[in-house]
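Asker: I would like the atomic coordinates for the input below:
(chains A and B)
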Amino acid sequence: DAMVIQNPRYQVTQFGKPVTLSCSQTLNHNVMYWYQQKSSQAPKLLFHYYDKDFNNEADTPDNFQSRRPNTSFCFLDIRSPGLGDAAMYLCATSRDWTGGAAAFFGQGTRLTVV
Amino acid sequence: AQSVTQLGSHVSVSEGALVLLRCNYSSSVPPYLFWYVQYPNQGLQLLLKYTSAATLVKGINGFEAEFKKSETSFHLTKPSAHMSDAAEYFCAVSDRGSQGNLIFGKGTKLSVKP
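Answerer: Down below sits the predicted model:
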């Protein structure tokens, strides 16, 4: 089945130690998103790629970076994780960047910072 | 700015009872509207979406939602709750003629009692 796959499902990292989360998709969608979801909160968009064009949300901290080396893969890099960065990180894709295109989500990576 | 309000952070129903989860949007122009479901430690799964065709939208797992422009609402219903429906439900909106950034409500946690 075509899908969005995130690895790992659970990640524990040390305070200040860089960590990378990965996402791959077999849907061949143009757009890939990274959302941050803290406990009992709605998902919050960090950034998205339309093809290779990167779009950062205005309030996304500089500590968060992303790479999309090809259509299928996208990475979230957290350069110096703080305790406040502990959250579920959700990758999603959509066919295009129009309002009606539904987003398809991966199962998420739960990040713990110790 | 576009926003969506979900009334009731927690709804509890008995198995077999009607499920009604409320969602109101703020926009002078009807947006695109979505309902997503999230099971514990999972990503978000699309239940249904409204993009301007029929105002009554049928989704997966027996859910449906009705778009009511006069009430700026897009409430989610299911005639008969099942134990497996226990999850968190997110209403989301994106603008027409604009880019596909999904704005999520704060979510409603549905509990189903035997």
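Asker: Show me where chain A has its strands.
Answerer: All strands of chain A, identified by DSSP state E, fall at A:4-7, A:10-13, A:19-25, A:31-37, A:44-50, A:53-56, A:64-67, A:73-78, A:87-94, A:104-105, A:109-113.
Asker: Could you do chain B as well?
Answerer: Using DSSP E, strands in chain B cover B:3-5, B:10-14, B:19-21, B:24-26, B:32-38, B:44-50, B:56-58, B:64-68, B:73-78, B:87-94, B:103-104, B:108-113.
Asker: Now do the buried residues in the third one.
Answerer: Pointing back at strand B:19-21 there. In terms of neighbour count (16 or more other CB atoms under 10 Å in any protein chain shown), strand B:19-21 has its buried residues at B:Val19, B:Leu21. Bear in mind the C-beta positions are built from the backbone N, C-alpha and C, glycine included.
Asker: which bits of chain B sit near chain A?
Answerer: B:31-32, B:34, B:36, B:41-46, B:49, B:51-52, B:90, B:94-102, B:104-107 (CB under 8 Å from any CB of the partner chain).
Asker: Weed out the non-buried ones from those.
Answerer: For the residues of chain B next to chain A, buried by 16+ other CB under 10 Å: B:31-32, B:34, B:36, B:42-46, B:49, B:51, B:90, B:94-95, B:100-102, B:104-105, B:107.
Asker: Quick one: residues contacting residue 62.
Answerer: Just so you know, I chose chain A. Counting by CB atoms under 8 Å, 6 or more residues apart in numbering or on different chains, A:Asp62 touches no other residue.
Asker: hmm, I had chain B in mind actually
Answerer: With contact set as CB under 8 Å, 6+ apart, B:Gly62 has these partners: B:Lys78, B:Pro79, B:Ser80.
Asker: among the strands of chain A, which is nearest chain B?
Answerer: With CB to the nearest CB, the closest approach to chain B among the strands of chain A belongs to strand A:104-105: 3.8 Å.
Asker: rewinding a little: please produce JSON lines containing the contacts of B:Gly62, extended by distance to A:Val12.
Answerer: Shown next, in JSON lines, are these (distance: CB to CB, whole Å):
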{"residue": "B:Lys78", "distance to A:Val12": "37"}
{"residue": "B:Pro79", "distance to A:Val12": "43"}
{"residue": "B:Ser80", "distance to A:Val12": "41"}
